[in-house]
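[1] predicted model and sequence below, questions to follow.
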Amino acid sequence: MIQVTRLHEDAFYEFFKPYRHPQAKHDIWGGYGLETFGDDFQLVRSLDLDYVWTVVDGDSGDDQWITPGIRYVNRVCYLVTEIPHRGLEVDFRCSQQCRSLTSLGLKRQLNKLVRAWTSTH
């Protein structure tokens, strides 16, 4: 059984560095997102999948998750990052409560993420 690391979205933004793709046609997910249809979706399919992430709705409906690769079920939008995920089994929780990590909490999560990411290659 594959162990999926679950972390806070702050660690995702800090480590993987998402950006607004210059060819994005819509302004979603704080300007970072690519839509799940039309030109944006065609763009996503043309990109190196190691840099593509999917934002999906959680099972409970309260939270959303950022997960590596292209997903189709419960997808909200796609994100592109500067740093590749390299097939890392990780999900980042985007809580509806919008609470950011403390600097110590972020440091701990980044350390955990770096250990998991470096072990993939």
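    Happy to help now that I have it.

[2] quickly list what Arg75 is bridged to.
    In this entry, Arg75 is beta-bridged to Val56, by DSSP bridges.

[3] for it, give me its contacts.
    36, 54-56 (C-beta atoms under 8 Å, 6 or more residues apart in numbering). (Each C-beta comes from the backbone N, C-alpha and C, glycine too.)

[4] ok, now Val52?
    Taking C-beta under 8 Å, 6+ apart as the test, what Val52 contacts is 44, 68-70, 78-80.

[5] now do Ala24
    Taking C-beta under 8 Å, 6+ apart, one finds 33-34, 40, 43 in contact with Ala24.

[6] Thr120: which of these is nearest?
    Thr120 lies nearest to Leu34 out of the contacts of Ala24, by C-beta to C-beta, at 24.2 Å.

[7] what about that closest one, how many neighbours?
    Counted with other C-beta atoms under 10 Å, residues neighbouring Leu34 total 29.

[8] for the longest helix seen in the chain, buried residues please.
    With secondary structure taken from DSSP state H, the chain has its longest helix at helix 103-118. Within helix 103-118, the residues that count as buried by 16 or more other C-beta atoms under 10 Å are 106, 109-110, 113, 116-117.

[9] now do stretch 54-74
    54-56, 64-68, 70-71.

[10] can you name the two of the residues you listed that are farthest apart?
    Taking C-beta to C-beta, no two of the buried residues of stretch 54-74 sit farther apart than Gln64 and Ile70, at 16.1 Å.

[11] mind showing which ranges of the protein have poor pLDDT?
    1-2, 61, 121 (pLDDT under 70).
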